[in-house]
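**Q** sequence plus the predicted model coming up.
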Amino acid sequence: MPLRSARGLLLVASVGLAASSCKRQAEPEAATPAAEVAPSGPPKGDAMTYVSGAKHGGATQEAAPAGDDAQGDDAAPTEAKADEPALVELAAKITTAEEARRLAEDAAGEALGVSAESRISPALTPTWPPTDLTLIYLAYPMAPIEGTMKVKVGKPVEIRVNLEDGAVATKRLKPSSVVKTLDLKRESSAVRQNLATAEQALVNVLLRKRSVARSFRLLDGYREWFNENLEFMTDFSHRYGKAMRFFKDPSPSAEMP
């Protein structure tokens, strides 16, 4: 073979080996694309973002600002304040239902005897709309019936507490045609608490601190107590029909908005 031809074949073989070597070195680098490298953490722009309802437009859920709805039943929304009637608060010596009930309990003890067992009604009014700042309570004397879990109910005493000056007056009433005997039972703490709230709401309405229109939920404790004591509710209705219609379904009026 001529020397030039041998040199040519040797050059071709060298080029081929070099090409094969370059290809083998390039292939490992292409096996792991940069796009497949796992990120170290979430993008900063997506942090602390919660998307709710992606199927309905993908709206971003944000915390609702604190407003009137978070203030509870005792706070009136801003819109309602515009419709709130202008109330002029009345001056009174007794401003809480707790004070009024304490006076009624003391009067019941004097009228019936300190040692006598009795049941005292919720704070009511003699009529509705009220003609003055008077609350009434009925105290029912009770005597146990031997051998039973019942008590005999005697003539009730009406107790009037005037919120304006704190005066208290008592009067014996005729026996009830409905409340004659009662089974001994205890009221739930929830009923008692709701009634206390309702009695204070009534005092606030009488003193024009709050309108009837804004007191529906608070006054509902009366209806709850009546549902637990249907005999008393019936007796109250016989004695104070106009007032009881209000307590069963409190409604604002021109006299008591």
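**A** Happy to help now that I have it.

**Q** residues touching stretch 229-237, excluding its own?
**A** Outside stretch 229-237, the residues that touch it by Cβ atoms under 8 Å, 6 or more residues apart in numbering are 121, 124, 138, 176, 177, 178, 179, 182, 226, 243, 244. C-beta here means a position set from N, CA and C on the backbone, and glycine is covered the same way.

**Q** one more pass at 10 Å, please.
**A** Stretch 229-237 is contacted from outside by 119, 121-122, 124, 136, 138, 140, 153, 156, 173, 175-182, 185, 187, 191, 222-223, 225-227, 243-245, 247-248, using Cβ atoms under 10 Å, 6 or more residues apart in numbering.

**Q** got the buried residues for that stretch?
**A** 229, 232, 233, 234, 235, 236, 237 (16 or more other Cβ atoms under 10 Å).

**Q** tell me the buried residues within the contacts of stretch 229-237.
**A** The buried subset of the contacts of stretch 229-237 - by 16+ other Cβ under 10 Å - is 119, 121-122, 124, 136, 138, 140, 153, 156, 176, 179, 182, 191, 222-223, 225-226, 243-244, 247.

**Q** measure how buried residue 99 is and give me the count.
**A** 15 (other Cβ atoms under 10 Å).

**Q** end-to-end on stretch 86-99?
**A** Taking Cα to Cα, to the nearest Å, stretch 86-99 runs 27 Å from one end to the other.

**Q** list the buried ones in that stretch?
**A** Buried residues in stretch 86-99 (16+ other Cβ under 10 Å): 92, 94, 95, 97.

**Q** okay if I get the residues you listed as TSV plus secondary structure, pLDDT and distance to residue 200?
**A** What follows is these, written out as TSV (DSSP: H, G, I helix; E, B strand; the rest coil; pLDDT from 0 to 100; distance: Cβ to Cβ, whole Å):
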residue	secondary structure	pLDDT	distance to residue 200
92	coil	98	13
94	coil	98	12
95	coil	98	10
97	helix	98	4
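
**Q** closest to residue 205 among those?
**A** residue 97 (11.3 Å; Cβ to Cβ).

**Q** before we move on, back to that, quickly name whichever of the buried residues of stretch 229-237 is closest to residue 108.
**A** residue 232 (15.1 Å).

**Q** for that closest one, grab phi and psi.
**A** Residue 232 adopts backbone torsions of phi -70, psi -40, taken as degrees, to the nearest 10.

**Q** ok, it to residue 209 distance?
**A** 27 Å (Cβ to Cβ, to the nearest Å).

**Q** same question for residue 91.
**A** 11 Å.

**Q** same check, this time on residue 201
**A** Residue 201 is 10 Å from residue 209, by Cβ to Cβ.

**Q** any common contacting residues for the two?
**A** Common contacts of residue 201 and residue 209 (Cβ under 10 Å, 6+ apart): residue 215.

**Q** quick one, which of the two is more surrounded?
**A** Using other Cβ under 10 Å, the more surrounded residue of residue 201 and residue 209 is residue 201, with 25 against 16.

**Q** per-residue confidence for the more buried one?
**A** The score at residue 201 is 98. That number is its pLDDT.

**Q** who touches it in this structure?
**A** 74, 97, 209-210, 212, 214-222, 250.

**Q** check residue 99 too.
**A** The contact partners of residue 99, taken as Cβ under 10 Å, 6+ apart, are 93, 161, 163, 166, 203.

**Q** check residue 98 too.
**A** Counting by Cβ under 10 Å, 6+ apart, residue 98 has contacts 196, 199, 200, 203.

**Q** closest to residue 130 among these?
**A** residue 203 (11.4 Å).
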